[in-house]
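Engineer: okay, predicted coordinates and the sequence, questions at the end:
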Amino acid sequence: MQRLYDFIRRHPTGVDSFWAVLLFGFSMLNVAEMTGSSLALRLATVPVVAALSVVLALRRKWTGPMFWLAVAAGVVQLAIGSPVQTCDLAMLVILFTVAASGDVPRWVSRAALGCGLLAAPLYFLRFGVDKNASAVQEALFVVFMMVPFALAWVMGDSLRTRRAYYAQLVERNQRLEKEREAQAKVAVAAERARIARELHDVVAHNVSVMVVQADGAAYVMDVAPEQAKEALQTISGTGRQALAEMRRLLGVLRTGEPQESEDYVPQPDVEQIEVLVEQVRAAGLTVDFEVEGAPRRLPSGVELTAYRIVQEALTNTRKHGGPDARASVRLVYFDDGLGLLVEDDGRGAAHELYEDGGADGAGHGLIGMRERIGMVGGTLDAGPRPGGGFRISALLPLKKGD
């Protein structure tokens, strides 16, 4: 059945042609049965039948010309005095088609309505109704015969209106999708710029540490070789870490221009997550905090990413969790990475708010989280939690050379 429906939609002219052939056949039977009419009248009716059959076959392909052909056929039918035929149904069909078509000018549609309403009165004036009928009965008959033409036009015009409304909805939806994509790109660009500034601060801090350690090593080189050795080892480790952060920084800036940071203070790290949790608790949100594994020093970029993810997740819980929401933060130290799990049991917000950059429109939400985790090669899994609430799970790997 679906295949038949698809075939009909793909070949409208073919379907109309099929009905036109049937209409022509039945109409010719009617012409043959006109025993009370002369042979000349029956022969003159054949072109009218053929014209209206063509109108039905090509009504959707050439709507305007077929309407005028139907008008011409009707005029000829009145002129030669041919009675109502089965083929006259094509007039109702073409009237509906003209009213429903969006490619036909509106004045043609109104002209079609006028012609349809005039068809019954003209037929009455040409042939009459019943010699024994009163004037009121004749008037009622004419009005009754006008109703099908009016209904055909109203139904077609309503269909045209619905199609135009649907087209506007589709266009509006496409425009909103483009605007949404543009806003998402702006949010990504803003978040990358923010991450770049923070990584710039991290690199600047590491370089500052290297400079201080190098000065100290030069000062104690002769009197305390062991301290100088330790300072050089610190410089080596800090330098490798600075190079790793610099690579990430360049990856962020690859699609934008570098921006100067106004603050060179070192960015937050994993140890300050506990302080962040205490601040959130003081603000009225119940938060459970748990650390598994042996805490150790991590690359600055990984620690900064972990802190920002927890910060954004708890902020979203405060915004959308509701008055009685509870949250939990869990840090897991693995041999090759750091795991984060932030959950809440609140009512949560629509998933689209996180995808689109947060309800505040500042470019945060999942966009910011994914950008940050992508810089350190991690993975993120976020979405509604079974039983209610929201869950954010992240894994930040420790690569060789970090």
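Structural biologist: In hand now; what should we look at? Numbering: from 1, shown residues only.
Engineer: what is the subsequent helix or strand relative to the helix or strand bottoming out on mean pLDDT in the chain?
Structural biologist: Least confident helix or strand, the chain: helix 351-355 with a mean of 49, by mean pLDDT, DSSP states H and E. Counting by DSSP states H and E, the element after helix 351-355 in chain order, helix or strand, is helix 366-375.
Engineer: now the residue sitting nearest the centre point of the chain: which helix or strand?
Structural biologist: Nearest to the mean C-alpha position of the chain, counting by Cα atoms, centre = their mean, stands Glu177 at 4.7 Å. Counting by DSSP H and E, the element that carries Glu177 is helix 135-220.
Engineer: packing partners for that helix?
Structural biologist: If contacts are counted by 3 or more Cβ pairs under 8 Å, 6 or more residues apart in numbering; DSSP states H and E, helix 135-220 sits against helix 89-100, helix 106-127, helix 225-253, helix 300-320, helix 366-375. The C-beta positions use only the backbone N, C-alpha and C, and glycine is treated the same way.
Engineer: save these as TSV, and put in mean neighbour count, mean pLDDT and distance to Leu169 too.
Structural biologist: Shown next, in TSV, are those (neighbours: other Cβ atoms under 10 Å; pLDDT from 0 to 100; distance: least, Cβ to Cβ, whole Å):
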stretch	mean neighbour count	mean pLDDT	distance to Leu169
helix 89-100	24	90	18
helix 106-127	16	86	21
helix 225-253	17	69	39
helix 300-320	22	83	29
helix 366-375	21	79	27
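Engineer: in a markdown table, list those along with distance to Val49.
Structural biologist: Shown next, in a markdown table, are these (distance: least, Cβ to Cβ, whole Å):
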| stretch | distance to Val49 |
| --- | --- |
| helix 89-100 | 9 |
| helix 106-127 | 17 |
| helix 225-253 | 76 |
| helix 300-320 | 70 |
| helix 366-375 | 67 |
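Engineer: what's the closest of the ones you listed to Glu271?
Structural biologist: Closest of these to Glu271 is helix 300-320, at 8.1 Å (criterion: Cβ to Cβ).
Engineer: and the next helix or strand past that closest one?
Structural biologist: That would be, after helix 300-320 and using DSSP H and E, strand 326-333.
Engineer: same for that next one, what does it pack against?
Structural biologist: By 3+ Cβ pairs under 8 Å, 6+ apart, strand 326-333 packs against helix 273-282, strand 286-292, helix 300-320, strand 337-344.
Engineer: angle of that strand against strand 286-292?
Structural biologist: Going by axes from the mean of the first three to the mean of the last three Cα atoms, to 10 degrees, strand 326-333 is angled at 10 degrees with respect to strand 286-292.
Engineer: going forward can the numbers begin at 58, since that is how I track them
Structural biologist: Got it, the first residue is 58 from now on, which makes the last one we talked about strand 383-390.
Engineer: which parts of strand 383-390 are buried?
Structural biologist: Ala384, Ser385, Val386, Leu388, Tyr390 (16 or more other Cβ atoms under 10 Å).
Engineer: for the third one, give its distance to Ala221.
Structural biologist: From Val386 across to Ala221, the span is 53 Å (Cβ to Cβ, to the nearest Å).
Engineer: what does the fourth one give?
Structural biologist: With distances defined as Cβ to Cβ, the gap from Leu388 to Ala221 amounts to 57 Å.
Engineer: before we move on, what about the second one?
Structural biologist: Ser385 sits 53 Å away from Ala221, taking Cβ to Cβ as the criterion.
Engineer: what about the helix holding Glu234, distance to the chain center?
Structural biologist: 7 Å (Cα atoms, centre = their mean, to the nearest Å).
Engineer: again, but for stretch 379-392
Structural biologist: The chain centroid and the centroid of stretch 379-392 are separated by 33 Å, computed with Cα atoms, centre = their mean.
Engineer: again with stretch 152-159
Structural biologist: Worked out by Cα atoms, centre = their mean, stretch 152-159 lies 31 Å from the chain centre.
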